[in-house]
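>>> I would like to see how this sequence folds:
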Amino acid sequence: MPTVAKPSNGAVAPQVPRDARPYRIALLSAVFGAIVFVAIAALFVVHGKPNADEGFYALISHEVMHGKLLYRDLAYTQTPLLPYIQGVAMSVIGFGVAQQRWLNAAIQAATLGLVIFFLVRRRLCLPLVLALGLAWCLCLPLLYYGTIGKTYALAQLFLIIAGISVLGVMRPIPSLILLSLSGVLAVGCRLPVAPAVVILWLGFSRIHSRNISKTLLISMPLLFALLFLGPFIAAAPDSAYFWTWGLHSQVMIPRAPFATLLKFPSFVPGVTIIAILGIVCSFWRYSNEHLAGLCVLLAGVVGAIGNVMASGVYLEYAVPCLGLIILGVGAVFASNPLSITVNYAVAMLCAFVAIPAFLIQDRNWDEGTYLADVRGAGLYIAEHSMPQDQLLTSMPELALAAKRPLYPRSELGKFAITAEMIPQKAFRRQMMPFGELIYLTDHALPKVIAISRYVKWNFLCSFPSARSLSEESYNAFVSALYRNYACSFSNGTFLVYTRKTDSLPRNN
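As a prediction, the model looks like this:
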């Protein structure tokens, strides 16, 4: 029974339980961290530079919520779960790149709040929690790439949940269920995070080797994988393989794995220093109590490095694993009691690295008119077309803004065009042959054609190779466009072409 205290006025009030204050402090700290992150991330939501991918992620989410099945009815370049999870939320808040950015900012804020709550409850010293939260809030790749319409924010949330399940918040069997579910959801949103999930699973298996049978350790994640991913593979196995693996293995972009990896410390200087400090701490007076935190830290480090080297081009592929690094470092310090002086010194070092890095690096919000340009172009297209008119565009976000359907097999925008597949195979994989694009434009079938001012984001490349079209082929499209269409609207991001015949006076 809880003890009671009698106030001076004679009334009897219950005594606050011993563990209520740490819970309240953890909750308030988590809410504060989430609010700070959203306040900073709002700059990237509103003013962040556009990205070639975010339009089709928003559009695909809309399409699957209206009955289409990925791979069978739609082309999609990732594992299938994000459009469905994101689509449920966007069914409430609306479909569009602006809503998608705010949703990702909210997901990241919730993820950071979850990390802070966990670390405070683990009694990590508050200055170090503050420093780790500050490093997250001032990490420019997390702010930009985690906020724009990509798979990174949602994949990171599931990775963090998987990491927390390894750190032992529940009994072994419920932890295994949570790890298996969140791990499959993470991979189901973004396949390249699989190495981080595998390391988390291996660490969990090592920690609980005496508590859980090997059969259960293996069968639980396989069951969730079969449940969540199996239906998409069964519906269209050839297309599912192509879009999740075959496409990415055939891209012919020149790769430089080691040269790209050398840029990683300057890409995330704060997280790099934090990772080094965590690894040093984990091996200093090492004991089995540090294994879980070290496992989470290594999952983040190996996942980040593996993604950078596997792409050999894109440092941003490391972004979903950065949160795991921060969580793992916090868990390592929480399980390795150090003096107050050391904790304060580490906290100050993290802050002194994170703040200058934020101020010096390119903040990716210079081109601040993208969302306004999407709205403006969408309104113009809506005013100059009928609701049933199909839009031909390399920027799928305009279809959402204008509330107009896209031509079939063009949902991926610039990634939907192929000049290297025979038409039958292209149709089966829900792609548009380049010859069909020329035919539509040459016969002036679309009422409106909208493209980007950034030439490379238009129909300039053929997929899956990502090689540029020949000058002769591309000029055939441009000539047909100029012959049959006039540019009737433009802003800082888009050019909108309408048929010349629609503007001619009609005979009575």
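
>>> Could I get the full set of strands for the protein?
4-5, 13-14, 391-393, 417-418, 432-433, 448-452, 461-462, 467-468, 485-490, 494-499 (DSSP state E).

>>> Where among the ones you listed is average confidence lowest?
Of all those, the minimum mean pLDDT falls on strand 13-14 (a mean of 41).

>>> follow-up on the earlier one: of the strands of the chain, which is nearest Leu132?
strand 13-14 (34.9 Å; Cβ to Cβ). To be clear about C-beta, it is placed using only N, CA and C from the backbone, and glycine gets the same treatment.

>>> can you pull the contacts of Glu397?
Applying Cβ atoms under 8 Å, 6 or more residues apart in numbering, we find Glu397 in contact with Glu54, Gly55, Ala58, Leu59, Gly96, Val97, Val374.

>>> Now do stretch 153-164: distance to the chain's middle.
Its chain's C-alpha centre and that of stretch 153-164 lie 11 Å apart, by Cα atoms, centre = their mean, to the nearest Å.

>>> make that stretch 144-158, sorry
Taking mean C-alpha positions (Cα atoms, centre = their mean), stretch 144-158 and its chain are 2 Å apart.

>>> Dump the C-alpha coordinates for it into PDB.
This file holds the C-alpha atoms of stretch 144-158, laid out as PDB (Å, rounded to 0.1, in the frame of the first residue of the first chain):
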ATOM      1  CA  TYR A 144      16.700  17.200 -44.700                       C
ATOM      2  CA  TYR A 145      16.600  13.600 -46.000                       C
ATOM      3  CA  GLY A 146      14.500  12.400 -43.100                       C
ATOM      4  CA  THR A 147      11.900  15.200 -43.700                       C
ATOM      5  CA  ILE A 148      11.400  15.200 -47.500                       C
ATOM      6  CA  GLY A 149       9.300  12.500 -49.100                       C
ATOM      7  CA  LYS A 150      11.600   9.400 -48.800                       C
ATOM      8  CA  THR A 151      11.500   6.100 -47.100                       C
ATOM      9  CA  TYR A 152      14.100   7.100 -44.500                       C
ATOM     10  CA  ALA A 153      11.900   8.500 -41.600                       C
ATOM     11  CA  LEU A 154       9.600   5.500 -41.400                       C
ATOM     12  CA  ALA A 155      12.400   2.900 -41.800                       C
ATOM     13  CA  GLN A 156      14.300   4.700 -39.000                       C
ATOM     14  CA  LEU A 157      11.300   4.600 -36.700                       C
ATOM     15  CA  PHE A 158      11.000   0.800 -37.100                       C
END
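
>>> what residue ranges in the stretch 401-508 of the chain score low on pLDDT?
503-508 (pLDDT under 70).

>>> What is the most widely separated pair among the contacts of Glu397?
Leu59 and Val374 (12.0 Å).

>>> so what's Phe158 up against?
Here Phe158 is in contact with Ser182, Gly183, Leu185, Ala186, Cys189 (Cβ under 8 Å, 6+ apart).

>>> got a pLDDT number for the second one?
This points to Gly183. 98.

>>> before we move on, what about the fourth one?
On pLDDT, Ala186 comes in at 98.

>>> Touching, it and Leu159? I think so.
Yes: contact criterion Cβ atoms under 8 Å: Ala186 and Leu159 qualify, at 5.0 Å.

>>> Find the residues that touch each one of the two.
Overlap of the contact sets of Ala186 and Leu159 (by Cβ under 8 Å, 6+ apart) consists of Val193, Ala196, Val197, Pro320.

>>> Among the strands of the chain, which comes closest to Asp238?
Comparing these by Cβ to Cβ, strand 417-418 comes nearest, at 15.2 Å.

>>> The closest one pairs with which strands?
Using DSSP bridges, the strands paired with strand 417-418 are strand 432-433 (parallel).

>>> and the strand it pairs with, how far out from the chain's middle?
27 Å.

>>> one step back: so which of the strands of the chain gets nearest Ile355?
strand 448-452 (35.3 Å).

>>> could I have that closest one exported to PDB, CA atoms only?
Provided in PDB are the C-alpha atoms of strand 448-452 (Å, rounded to 0.1, in the frame of the first residue of the first chain):
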ATOM      1  CA  VAL A 448      -1.500  19.000 -70.600                       C
ATOM      2  CA  ILE A 449       2.100  18.000 -70.400                       C
ATOM      3  CA  ALA A 450       4.100  19.300 -67.300                       C
ATOM      4  CA  ILE A 451       7.800  19.000 -66.800                       C
ATOM      5  CA  SER A 452      10.500  20.200 -64.500                       C
END
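
>>> Can you give me the domain boundaries for this structure?
20-360, 370-503 (automatic domain parsing).

>>> hmm, back to that, give me the subset of the contacts of Phe158 lying in helices.
Of the contacts of Phe158, the ones assigned to helices by DSSP state H are Ser182, Gly183, Leu185, Ala186, Cys189.

>>> In this protein, what helix or strand scores lowest on average pLDDT?
strand 13-14 (a mean of 41; mean pLDDT, DSSP states H and E).

>>> thinking again about what came up before, pipe the contacts of Phe158 into CSV and attach distance to Ala480 and neighbour count per row.
Formatted as CSV, these follow (distance: Cβ to Cβ, whole Å; neighbours: other Cβ atoms under 10 Å):
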residue, distance to Ala480, neighbour count
Ser182, 49, 22
Gly183, 49, 29
Leu185, 44, 23
Ala186, 44, 28
Cys189, 39, 27
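
>>> measure Phe95 to Ala153 for me?
The gap separating Phe95 from Ala153 is 17 Å, by Cβ to Cβ, to the nearest Å.

>>> ignore the last one, Leu126
In terms of Cβ to Cβ, Leu126 sits 26 Å off from Ala153.

>>> So for those two, which sits in the more crowded spot?
Ala153 (30 against 14; other Cβ atoms under 10 Å).

>>> The more buried one touches Ile107, doesn't it?
Yes: the pair Ala153 / Ile107 is scored as a contact, 4.4 Å apart, by Cβ under 8 Å.

>>> Mind listing residues that contact stretch 486-497?
Counting by Cβ under 8 Å, 6+ apart, 50, 367, 369-370, 372-374, 376-377, 380-381, 384, 395, 398, 448-453, 481, 485, 498, 500, 503 sit against stretch 486-497.

>>> do the same with stretch 171-179
Contacts of stretch 171-179 (Cβ under 8 Å, 6+ apart): 161-162, 165-166, 168-170, 200-201, 204, 208, 211-212, 216-217, 220-221.

>>> let's see 7 Å
For stretch 171-179, contacts defined as Cβ atoms under 7 Å, 6 or more residues apart in numbering pick out 161-162, 165-166, 168, 170, 200-201, 204, 208, 211-212, 216-217, 220.

>>> So which bits of it are buried?
For stretch 171-179, burial by neighbour count (16 or more other Cβ atoms under 10 Å) applies to Pro172, Ser175, Leu176, Ile177, Leu178, Leu179.
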